[in-house]
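Undergrad: next one to model:
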Amino acid sequence: MARKKIPENYEKMRQGIITAAIELMVKGSITDFSLTDVAEKVGLSKAALYWYFPNKNALIDQVVQNIYDTYIGYIEKISSSDLSSYEKLRLIVLGEEDTLQAALMCVFPIKFYLDSYSESHAVKTLVKNGYERYNSLITALLEEGLHSGEFHSDLPAGELSKFITGAIDGLAFQNLLVSSEKPEVSRAIIFSVLDQLLKPPSTRKEEPND
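TA: Residues are numbered from 1 along each chain as shown. Presented below is the predicted three-dimensional model:
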């Protein structure tokens with residue numbers, strides 16, 4: 001039996017399918033989107049889509065992996081740069097790339113979907129490990145800033161890290177719930193709060209006495 005010929009631009013189309021799935025999940029939900037919807041979005045027949053993913057769960061698994069690679073890779077790149085601790089935190093909280101924003105907006109639907117996975121499932125393990133890595137990188141960044149004097153806080157860096165990741169996730173969740181007609185809440189508000197929270201006392205403006 002002759003082997004089936006792999007389509008041209010296989011990897012490029014495969015990545016396009018993953019991106020299309022993320023966009024559909026952002027607009028709808030992880031349970032409502034279908035392979036038919038994805039196929040239409042990338043200009044393939046549903047039958048042709050099976051060249052790339054045998055079923056919906058296989059596509060979702062790759063979406064989760066893509067989000068992990070995109071977001072954690074982004075944070076690792078910033079964390080290992082020569083930027084100041086303040087600038088690193090700003091870039092992590094605000095984000096810069098469209099692909100990063102798309103990945104972030106998909107985090108909560110994926111977390112909801114995880115209820116249907118067993119504790120030992122590879123996707124559930126990946127998401128849990130991702131959050132652990134996420135928190136450890138931000139904790140290390142905060143400790144770096146506290147040590148250099150760029151930041152000031154009486155709270156442990158680990159607790160602050162969980163506050164930051166929770167705030168980013170919470171804002172992404174809120175933006176998912178609002179209608180498309182309403183403007184999204186900018187993540188800049190989180191950084192503004194952190195800026196005041198972590199600013200060393202010597203740089204804070206004193207309130208005028210009455």
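Undergrad: where do the helices sit along this structure?
TA: Along the chain, counting by DSSP state H, helices occupy 10-27, 35-42, 46-49, 56-79, 85-94, 98-105, 107-113, 122-148, 157-177, 188-198.
Undergrad: helices or strands next to the last one in the packing?
TA: Counting contacts by 3 or more C-beta pairs under 8 Å, 6 or more residues apart in numbering; DSSP states H and E, helix 188-198 packs against helix 85-94, helix 157-177. For glycine as for every other residue, the C-beta is placed from the backbone atoms N, C-alpha and C.
Undergrad: quick one: residues in contact with it.
TA: Residues outside helix 188-198 that contact it (C-beta atoms under 8 Å, 6 or more residues apart in numbering) are 89-90, 93-94, 142, 145, 151-153, 160, 164, 167-168, 171.
Undergrad: cool, and the fifth one?
TA: For helix 85-94, contacts defined as C-beta under 8 Å, 6+ apart pick out 74-75, 78-79, 81, 83, 138, 141-142, 144-145, 148, 150-151, 164, 168, 187-188, 190-191, 194, 198.
Undergrad: may I see the helices of the chain organised as CSV, with mean pLDDT and mean neighbour count added?
TA: Putting the helices of the chain into CSV (pLDDT from 0 to 100; neighbours: other C-beta atoms under 10 Å) gives the following:
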stretch, mean pLDDT, mean neighbour count
helix 10-27, 86, 18
helix 35-42, 94, 17
helix 46-49, 92, 13
helix 56-79, 87, 17
helix 85-94, 91, 19
helix 98-105, 59, 17
helix 107-113, 58, 18
helix 122-148, 89, 17
helix 157-177, 83, 16
helix 188-198, 90, 15
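Undergrad: sorry, back to before: the helices and strands packed on helix 188-198: which one's closest to Lys27?
TA: Lys27 lies closest to helix 157-177 among the helices and strands packed on helix 188-198, at 9.7 Å (C-beta to C-beta).
Undergrad: look up how far Ala58 lies from Lys46.
TA: Taking C-beta to C-beta, to the nearest Å as the measure, Lys46 falls 14 Å from Ala58.
Undergrad: go on, Ala48?
TA: To Ala58, Ala48 is 15 Å away according to C-beta to C-beta.
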